[in-house]
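> predicted model, plus sequence, below.
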Amino acid sequence: MKVVYKPQGVCSRNIEIEVENDIIKEVTFIGGCDGNSKGISNLVKGMNKNDVIEKLSGITCGGRPTSCPAQLAKALKEKF
């Protein structure tokens, strides 16, 4: 299943996520920090969504109460 998630409080405008049988197949951040977004996407590919949620929830960015990785975790919780 593939979804597009609109994150809140971060630079990225959208997160495109594909999950099959609880395994992350693809993640693409639209907007935001290019290198960090590509790094997170490559790191989580092939991981179980629940492991990603556990590792990325609660991460902040600068003075913000959230981050792109935390928003990915939130998207996985809400959509899958």
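Noted; the coordinates are in hand. Computed from a prediction, not measured in an experiment: that's the story for all the values here.

> and the closest residue to Lys6 other than its chain neighbours, what are its bridge partners?
Leaving aside its chain neighbours, Lys6 sits nearest to Asn14 (5.9 Å; criterion: C-beta to C-beta, 6 or more residues apart in numbering). Where you see a C-beta, it was placed from the backbone N, CA and C, and this is true even at glycine. Beta-bridge pairing of Asn14, defined through DSSP bridges, involves Ile30.

> what pLDDT is listed against Asn14?
Among the per-residue scores, Asn14 shows a pLDDT of 98.

> ok, now how distant is it from Asn48?
From Asn14 over to Asn48 the distance is 23 Å, taken as C-beta to C-beta, to the nearest Å.

> repeat that for Ile30.
Relative to Asn48, Ile30 is positioned 24 Å away (C-beta to C-beta).

> now Val4
Relative to Asn48, Val4 is positioned 21 Å away (C-beta to C-beta).

> Lys77 now?
Applying C-beta to C-beta to Lys77 and Asn48 gives a distance of 13 Å.

> quick one, strands of this structure?
2-5, 14-20, 23-30 (DSSP state E).

> who does the shortest one pair up with?
Meaning strand 2-5. The sheet places strand 2-5 alongside strand 14-20 (antiparallel), with pairing taken from DSSP bridges.

> residue contacts, the closest residue to Asn48 other than its chain neighbours?
For Asn48, the nearest residue in space outside its immediate sequence neighbours is Asp22; the separation is 5.5 Å by C-beta to C-beta, 6+ apart. Contacts here follow C-beta atoms under 8 Å, 6 or more residues apart in numbering; on that basis Asp22 touches Asn48, Lys49, Asn50, Phe80.

> need these in a markdown table (columns: neighbour count).
Written out in a markdown table, the entries for the contacts of Asp22 read as follows (neighbours: other C-beta atoms under 10 Å):
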| residue | neighbour count |
| --- | --- |
| Asn48 | 14 |
| Lys49 | 21 |
| Asn50 | 12 |
| Phe80 | 16 |
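
> tell me which stretches of this protein form helices.
Assigned helices in the chain, in chain order: 34-44, 49-56, 68-79 (criterion: DSSP state H).
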